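Enquirer: let's see this in three dimensions:
(one chain, ligands or ions: 1)
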Amino acid sequence: MRKLVAYVCVVLLVAGCATPQRFFEAGTPCEASSFTVIDDFGGARRGPCEILAKEHVRLSILPEDDGYINPSPWYSFKLIPSSQTNAIVSLQYIGGRHRYVPKISTDGLRWSPIDERHVSVSEDGALATIDVPLGVDTVWISAQELITPAIYDAWTTRTAKETAAKLRLLGFSLAEQPIRYLVSNPSARDVLLLVGRQHPPEVSGALAFFTFLETLLADSGLATQFRERFQIVAIPLLNPDGVLGGNWRHNLGSTDLNRDWGIFRQPETRLVGELLDSLDAEGSRVRVFLDFHSTDRNLFYTQDESEPTDPPNFFDAWFAKAAPKLDDYPFTHEARPGKRPGVGKNYMYRRYGIPAATYEVGDETDRDTARAAAVVFAEALMTLMLETLAPTR
Ligand SMILES: [Zn+2]
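Expert: Numbers count the residues shown, from 1 in each chain. Below is the predicted model of the structure:
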């Protein structure tokens, strides 16, 4: 018996002294002694994880593929505490620099930016360290709010139920996720086309898209009048695979979809091309195009004077209507020649000669302010389209 006890002690001693695992590949729970870092959910991106100390891990934040990636280093992970402590999480960016203020949530639905005193960034931007106080509950940390395909499904279904818009299937992404769109008054021949989320991390633009479309579909007198006259076609989520994969930029075909318009090598963009073909075949006419994105500030990219639109000077008139109501939403109008043919707005201008804009919302623009501005822009756009666009016969 004494021998057995001694044996058990030796086994326990060896096990106790064994070097704990320090490296965890992406997709496996990364177990520090007082918390675990998880990346097993839609939109997650954590990369390989290394335990540096009892309460300190380093995550390697990598893009989705080796192609050119715009510097939008997305990260999203959960921290599951095993004891109440402070988790120190370092984000080591590979091929990018720190861009997004980390957002924190305890349910994956309601988010707030982490206090900047808890985030330190190296001078070259390649390393950001976050100090997260952990209680007993799981905490989500994400570059931006998680607006996943499931959230789009819930929102589009609810919107179709509560408004006159119908939900239709556009087709399927490369990974065979459904891509849906909302359409209002399909018998009207003049069309306003809205597209969203070609670029996965661009969540502030997605939030503006939701409010913008809700304003077009509202019960107001203006919106009702607008919908009697115009057809609205809105594709909220063109890149569901990229969003689900936590990509920095691309779809699953390693392609920036907003460089593929007209080329249509990717199924997602090809679906838009087919939708345009069918609108053309029905005798409908796209009159205005807006594509929602995010960048470091609020702005609109539009045609410049070298690319006259029908109607002319449309954007100046739009922003002149909106700006007086937007005290706390600074934005710029960046009119420039559309040199890259595969960009959505450039393709739409080339194909139709219409006003076609990229609607960019700042990464860290206050969300309520971005939503309030989207209402103002939507109302000004409806007014302007009603005033200036002669009906297609
Ligand atoms: Zn973008």
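
Enquirer: need the pLDDT of Trp74.
Expert: With respect to pLDDT, Trp74 has a value of 97.

Enquirer: now do stretch 31-42: everything it contacts.
Expert: 20-21, 24, 26-27, 29-30, 44-46, 49, 51, 54-57, 59, 76-83, 85, 87, 89, 108, 134, 146, 148-150, 243-244, 246 (CB atoms under 8 Å, 6 or more residues apart in numbering). Every residue, glycine included, has its C-beta placed from N, CA and C.

Enquirer: next, the buried residues of it.
Expert: Glu31, Ala32, Ser34, Phe35, Thr36, Val37, Ile38, Asp39, Gly42 (16 or more other CB atoms under 10 Å).

Enquirer: cool, and stretch 280-290?
Expert: Ser284, Arg285, Val286, Arg287, Val288, Phe289, Leu290.

Enquirer: quick check: bridge partners of the last one?
Expert: Partner residues in beta bridges with Leu290, using DSSP bridges, are Leu194, Ala357.

Enquirer: where does it land on pLDDT?
Expert: Leu290 is given a pLDDT of 98.

Enquirer: give me the buried subset of the contacts of stretch 31-42.
Expert: 24, 26, 30, 44-46, 49, 51, 55-57, 59, 76-79, 81, 85, 87, 89, 108, 134, 146, 148-149, 243-244, 246.

Enquirer: now the buried residues of stretch 280-290 in TSV, with distance to Pro312 and secondary structure?
Expert: Formatted as TSV, the buried residues of stretch 280-290 follow (distance: CB to CB, whole Å; DSSP: H, G, I helix; E, B strand; the rest coil):
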residue	distance to Pro312	secondary structure
Ser284	22	coil
Arg285	17	strand
Val286	17	strand
Arg287	14	strand
Val288	13	strand
Phe289	16	strand
Leu290	18	strand
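
Enquirer: Arg197: which of the residues you listed is nearest?
Expert: Taking CB to CB as the measure, Arg197 lies nearest Leu290 of these, at 13.0 Å.

Enquirer: quick revisit: okay if I get the buried residues of stretch 31-42 as TSV plus distance to the ion and secondary structure?
Expert: Putting the buried residues of stretch 31-42 into TSV (distance: CB to the ion, whole Å; DSSP: H, G, I helix; E, B strand; the rest coil) gives the following:
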residue	distance to the ion	secondary structure
Glu31	36	strand
Ala32	35	coil
Ser34	38	coil
Phe35	33	strand
Thr36	33	strand
Val37	28	strand
Ile38	28	strand
Asp39	24	coil
Gly42	20	coil
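
Enquirer: what is the most widely separated pair among the residues you listed?
Expert: Ser34 and Gly42 (26.5 Å).

Enquirer: whichever residue of the stretch 51-200 of the chain sits closest to the ion - how many residues pack around it?
Expert: Using CB to the ion, the single residue of the stretch 51-200 of the chain nearest to the ion is His199, 3.6 Å away. Neighbour count of His199, defined by other CB atoms under 10 Å: 28.

Enquirer: what does Ile69 give?
Expert: By other CB under 10 Å, neighbour count at Ile69 equals 19.

Enquirer: over to the one 5 residues further on?
Expert: Trp74 has 28 neighbouring residues, counting by other CB under 10 Å.

Enquirer: work out for me the element it sits within.
Expert: According to DSSP states H and E, Trp74 maps onto no helix or strand at all.

Enquirer: ok, the closest residue to it other than its chain neighbours - contacts?
Expert: Among residues not flanking Trp74 along the chain, Pro201 sits closest, at 4.3 Å (CB to CB, 6 or more residues apart in numbering). Pro201 makes contacts with Ser72, Trp74, Tyr100, Ala143, Gln144, Asn247, Trp248, Arg249, Ser294, as judged by CB under 8 Å, 6+ apart.

Enquirer: if we go to 10 Å?
Expert: 43, 45, 70, 72-76, 99-100, 142-144, 242-243, 246-249, 294, 363 (CB atoms under 10 Å, 6 or more residues apart in numbering).

Enquirer: same question, Thr159
Expert: Ala165, Leu167, Leu182, Phe210, Leu213, Glu214, Leu217, Ala234, Pro236.

Enquirer: try Gly262
Expert: Counting by CB under 10 Å, 6+ apart, Gly262 has contacts Thr269, Gly273, Pro341, Gly342, Val343, Gly344, Asn346, Tyr347, Met348, Arg350, Arg351.
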